[in-house]
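Undergrad: Sharing a model prediction with you, sequence too.
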Amino acid sequence: MRALLARFVPALAPTDRPKVTGPADPVMTACVVALVAFGVVMVFSASAVFADSRYDDPFHFFIRQSVFALAGLGVCFTVARFDYHGYRRWTYPALAVAVVLLLMVVLGLGRAAGGAARWIAVGPINIQPAEAAKLALILWLAYSLSKKADQIRSFEIGFLPHALVAGMLMLLCLKQPDFGSAVMMGVLTFTLLFTAGARLGYLLGALAIAAPIAFAVVRFSGYRMDRIRAWLEPFEHRYGIGYQIAESLMSFGAGGATGVGIGDSRQKLLFLPEAHTDFISAIVGEELGFVGIALLLLAYVLLVFRGLRAAHQAADDYGAYLAIGITVFLGMQAFTNLAVAMGMLPTKGLVLPFMSYGGSSLLVNCAAVGILLNVSRPREVEELTEEAEAADAKNVPRKTREKRAKKTKDGSRGATRGRRKKRMNMRLEGAE
Amino acid sequence: MKNLTPKKRRWARARIAFLGTLLLCFAGAVGHRAYVLQIERAPALREMAEEQYLRQVRLAPKRGTIYDRHGAELAVSVDVDSVWANPRRMKEEGVDPAAAAMQLSALLGVDRARIQRRLESDRLFVWIKRRLTPRMAERVRALGIEGVHLDRESRRYYPNRRLASHLLGFANIDGQGIEGLELAFEETLRGSSRAVPAIRDRRGRVVYSEQLLDDRAAQGDDLVLTIDKTLQHIAERELELAIRTYEAQAGSVVMMDPRTGELLAVANYPTFDANDPGDSPASHRRNRAFTDRFEPGSTVKPFTVASALAQGTVGSQQLIDCEDGAMEVAEYTIHDTTPYDELTPAQILAFSSNIGTAKIGDTLGRRGLYRAFRRFGFGEVTGIPSPGEAAGSLRHHSRWYEMDAATISFGQGMSATALQLATAMGALANGGRLMHPRLVRRVQTHDGEVVEEYLPEARRQVVPPRVARLVADMLTAVTGPGGTGQPAAIDGFLVAGKTGTAQKADYVAGGYAEDRWLASFVGFVPAQSPRIVMAVVVDEPVVAHYGGTVAGPVFRRVGEAALRHLGVPAQGGGEALDRFAREQRRRRRANERAERLAERDASNDEPEPAVTLTVPPGSVQVPDLGGRTARSALVAAHEAGLAVQLEGTGLVVSQDPPAGEVAQRGSRLRVILREDRADVALEGAPRLAATDDSGRMEDGS
């Protein structure tokens, strides 16, 4: 068993990990805790009437969300304790599990909700494979991109494998159908390839291919086209396909500058569907007004800023890619959700991270931010010097460059050890 | 990224910065959109939002309670459960509509097919049954069918069902008064009736925030009636019994406290259950005592006689020729049931001679008779707060036919309501002072704070007290041996009253019907210091038709029970009655003296100016507690609004301040009680205590 695991899950020597020298980003931690707590309050406010009318219990969603929030924060801080370098060995297993789960959903083993089968029941809990798949994709992209390093600019090594894996996952999402997740995966792949330095030409080419496909998918699917029309003219279709978006816009408008006061939303009196899930921001907008929405937006901007800062200061490129992937994942979800609620984008089934009701997405988002928090911890790493850059400019083979780097780091003493270790690493990673 | 070369690192960092800028732009766009929606377009959007949830709703605060004079609840609003279902949700949860319909139908008694049809509809909200009993609601809850819900609604409930239903009227399913006091005091009972903007949810149900409830929804005020639930019950019971016994069509009983004009009971038959007004025909729901006018017949004779005595056109001992039972007026002939030769006014009343009354009425002249009846309140509404009160008809004397002057004096050719009769008789019982009949004592908030108090109010002094007492004495002969009203006599009390047996007008054939009668008895008791005045009217009795026979027993039984309930001690028969008869003779002599004096200076013979009893606001008239038990004294003083300081046990022998004085409301009334019955002799006739539960006194002889 252990041997089998060792075969598929390459182990990394712990010594390879840079030493952690400080705590995780406190600003980011504060943002996440505040958002989760605020989410519980708003879920209660938005769902009480609906829950009372449906379950005869106004606390139905509040109690559940409270449990999810505690579990989510627990997951977040637990994950944050594990050094992110440890995830490298779990990259392929995670990707495989994600693909299997997505396949299960596509093959009809899932549980339908809201017109799309996106859920899988694992015991008493329902999980949404698409959420986990996005995280798996980020892990894999970060791993793969950091490993390929220089070859990233090549088409067959740097671009194609990533595009294929991402394309496959997107296709599985589209089959569910979950257009939102597919787009999100595309954005993540695109962003990470771009940050890692893939050729812009390839990226733009991929975009040129993907755009018509996306257009066709939307154009020839009745409900997606409806969503587009509802988005373009919400008040024209106020009592039909545009009902939800029109109600959402009215919620924001009714809130005005300072809102009607927390708990006093009128739109939640069953007028606004999904008030406690995808459209929770509309209730925030109504109850707390522009001030509330601005503060909420600020919290997410701060989170994104601190996430990118973590990427900027990450110990290595793997950490940086992870941080960027997760930051973009969270930030895009938040901004897109807000944009959808405000009628800037057509409706997609995206949640407002940390705020919307739902255990599956909250746990995934918390796990993701846990990784991000770990990346944000300062580590004792020596930077590559100008000398190395010069070597790089002369296109010195990577091995030599590594050796030089180690040499600079360890001094004369560690030259042989560094070489040996590097070899071991290469063998263990065994991909090239 | 420290493992990258500085150049790569710089590029990577630049790309991260670029990415950050993009995300920031996105966030900025979202923020701008929020600004547009929430600041610039806010008014328009808010208006749209409000349009869908704001409704002008007439707030339905809890309707006020109606109490009887002792605080027993006659009409209350209670929150009850209504059951509704969400068929779409039931479908989602996989509930079988047929099975659910079967269960609900068995429980609620609603047609199974109808429930099933509703449950199978594709709707979010259907009523199953509104306003359940608490038991039913509990069982529905116990069923626990998914998608079947219970909601609270307010329901008007009349705990005593038929009791006083005509007075109370009823409220409809939305809590709006439709009849009776519920209608007359609609504004008071409903409370704040402003239409206010309320909030509704998507199903259209009104949702209040607590704040809205606190600010706007005032609870309706409560009504405290003058009605005594016990007396009301007795009156209704006895009336129904009499109507069944004599196979009559309908009937009314009006009982009043002559001193204050407070109505103690108003019974009607046929009756209805106020909880289910739709179950009875409209004729059953009519408050006949107030709305039905009839030709009163002989019961108005005392008013003719009293007016003539007051005007001095007839002497109390004057003999009047009764023409041996037949007198021609115009081309008609007036008959007496028994021919008489010459009668005194007292005998005319006792034997109910039409001819004698017509002659006495004639002495007043047409104008005098008309004005006398108007002064007793006939031909105008009493102003009782009850919808649809009839004024009765008393045509102006200028439009009387020749015959009318004679017949109106004995109650034919005019009409009146039972309430008018009781009120007019109350004037004779109350020393000639006509009181406003009252149904409501006070309006109070739900926590007992008095909003408005209705105090006794005299309309006018109709006849001088001397005349009123004289006529009252005369009327005791009616229930005495040989009088027409003997069945109304109450053991141990002197009853003053007058019977009435009127032929009913035949509106189809014209003239009077031979076989349809209206039997009545109007009287008061005890005759010397009346506590209750009562009018009993029985419409179209078949088995017998004389007022004394049909209505008299109702008066007796109700009066007996009422006196016992009010704690009025019996005055006694035998020796006590003899003493009372001596007193009566003495008074008659005094009256003759007064008449002679009046004749001597006839120029001075003006009617006494009308006196209105005015009790200054915040003050009350001290009641006469003499001879009462401690409990009854407490009740009486409490009713008058005085605090009582009791000393000793037994019966009341003296009080301070004395009866009839005006005292500050809430001031202290000192009452001294003594066990020894020998001491319980107050001025006037000796009073004996009731000696057993039945209230009948032990006859001394």
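TA: That came in fine, so what should we check first?
Undergrad: Quick check: closest non-adjacent residue to residue 334.
TA: Picking chain A for this. Excluding the flanking residues, the one nearest A:A334 by C-beta to C-beta, 6 or more residues apart in numbering or on different chains is A:Y300, at 4.2 Å. Placement of C-beta: from N, CA and C, glycine included.
Undergrad: my bad, the chain I had in mind was chain B
TA: The spatial neighbour of B:I334 that comes closest, neighbours along the chain excluded (C-beta to C-beta, 6+ apart), is B:M327 at 4.9 Å.
Undergrad: Over to A:F235?
TA: Of all residues not flanking A:F235 in the chain, A:A246 sits nearest, at 5.5 Å (C-beta to C-beta, 6+ apart).
Undergrad: can you pull the contacts of whatever residue of the stretch 251-400 of chain A ends up closest to chain B?
TA: Nearest residue of the stretch 251-400 of chain A to chain B: A:G253, at 2.1 Å (C-beta to the nearest C-beta). Shown in contact with A:G253 (C-beta atoms under 8 Å, 6 or more residues apart in numbering or on different chains): B:L37, B:Q38, B:R41, B:A42, B:P43, B:A44, B:L45, B:R46, B:M48, B:A49.
Undergrad: that older thread, state the distance from the residue nearest to A:A334 to A:N365.
TA: According to C-beta to C-beta, to the nearest Å, A:Y300 stands 12 Å off from A:N365.
Undergrad: sorry, back to before: with distance to B:P387, pLDDT and secondary structure added, can I get the contacts of A:G253 in CSV?
TA: As requested, these are exported to CSV (distance: C-beta to C-beta, whole Å; pLDDT from 0 to 100; DSSP: H, G, I helix; E, B strand; the rest coil):
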residue, distance to B:P387, pLDDT, secondary structure
B:L37, 55, 91, helix
B:Q38, 54, 91, helix
B:R41, 53, 89, coil
B:A42, 50, 89, helix
B:P43, 48, 89, helix
B:A44, 49, 89, helix
B:L45, 49, 88, helix
B:R46, 45, 86, helix
B:M48, 45, 84, helix
B:A49, 44, 81, helix
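Undergrad: what's the closest of these to chain A?
TA: Nearest to chain A, judged by C-beta to the nearest C-beta, of those is B:L45 at 2.1 Å.
Undergrad: Give me the nearest residue to B:R516, chain neighbours excluded.
TA: Per C-beta to C-beta, 6+ apart, closest to B:R516 is B:K504, 4.3 Å.
Undergrad: Can you give the strand pairings for the helix or strand encompassing that neighbour, parallel or anti for each?
TA: In the assignment (DSSP states H and E), B:K504 maps to strand B:496-505. Strand B:496-505 pairs in its sheet with strand B:512-525 (antiparallel), by DSSP bridges.
Undergrad: Please identify the buried residues of the partner strand?
TA: B:R516, B:W517, B:L518, B:A519, B:S520, B:F521, B:V522, B:G523, B:F524, B:V525 (16 or more other C-beta atoms under 10 Å in any protein chain shown).
Undergrad: Touching, B:A496 and B:V525? I think so.
TA: Yes - assessed by C-beta atoms under 8 Å, B:A496 is found in contact with B:V525 at 7.2 Å.
Undergrad: Now for the residue of the stretch 251-400 of chain B found nearest chain A, which secondary structure element holds it?
TA: Going by C-beta to the nearest C-beta, chain A is nearest to B:N275 of the stretch 251-400 of chain B, at 29.8 Å. B:N275 belongs to no helix or strand when assigned by DSSP H and E.
Undergrad: what residues are up against it?
TA: Counting by C-beta under 8 Å, 6+ apart, B:N275 makes contact with B:Y157, B:Y158, B:R161, B:F170.
Undergrad: Can you tell me which of the residues you listed are buried?
TA: Among these, those classed as buried by 16+ other C-beta under 10 Å are B:Y157, B:Y158, B:F170.
Undergrad: any idea how far the last one lies from chain A?
TA: The one in question is B:F170. With distances taken as C-beta to the nearest C-beta, to the nearest Å, B:F170 is found 33 Å from chain A.
Undergrad: for B:R557, same thing?
TA: For B:R557, the distance to chain A - C-beta to the nearest C-beta - is 56 Å.
Undergrad: Would you confirm that that residue contacts B:E238?
TA: Yes - with contact defined as C-beta under 8 Å, B:R557 reaches B:E238; the gap is 4.8 Å.
Undergrad: out of those two, which sits in the more crowded spot?
TA: The residue with more neighbours, out of B:R557 and B:E238, is B:E238; 22 against 19, by other C-beta atoms under 10 Å in any protein chain shown.
Undergrad: what's the offset of the helix or strand where the residue of the stretch 251-400 of chain A closest to chain B lies from the middle of its chain?
TA: Counting by DSSP H and E, the element that carries A:G253 is helix A:243-255. Centre-to-centre, helix A:243-255 and its host chain are 27 Å apart (C-alpha atoms, centre = their mean, to the nearest Å).
Undergrad: For the residue nearest to A:F235, which residues are in contact?
TA: Going by C-beta under 8 Å, 6+ apart, A:A246 touches A:P234, A:F235, A:H237, A:R238.
Undergrad: B:R293 too?
TA: By C-beta under 8 Å, 6+ apart, the neighbours of B:R293 are B:A390, B:A391, B:G392, B:S393, B:S415, B:A416, B:T417.
Undergrad: just to revisit the earlier point, I'd like the buried residues of strand B:512-525 as TSV, with pLDDT and distance to A:A210 appended.
TA: Putting the buried residues of strand B:512-525 into TSV (pLDDT from 0 to 100; distance: C-beta to C-beta, whole Å) gives the following:
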residue	pLDDT	distance to A:A210
B:R516	86	101
B:W517	87	104
B:L518	90	100
B:A519	91	103
B:S520	91	102
B:F521	93	104
B:V522	94	103
B:G523	93	105
B:F524	93	104
B:V525	89	105
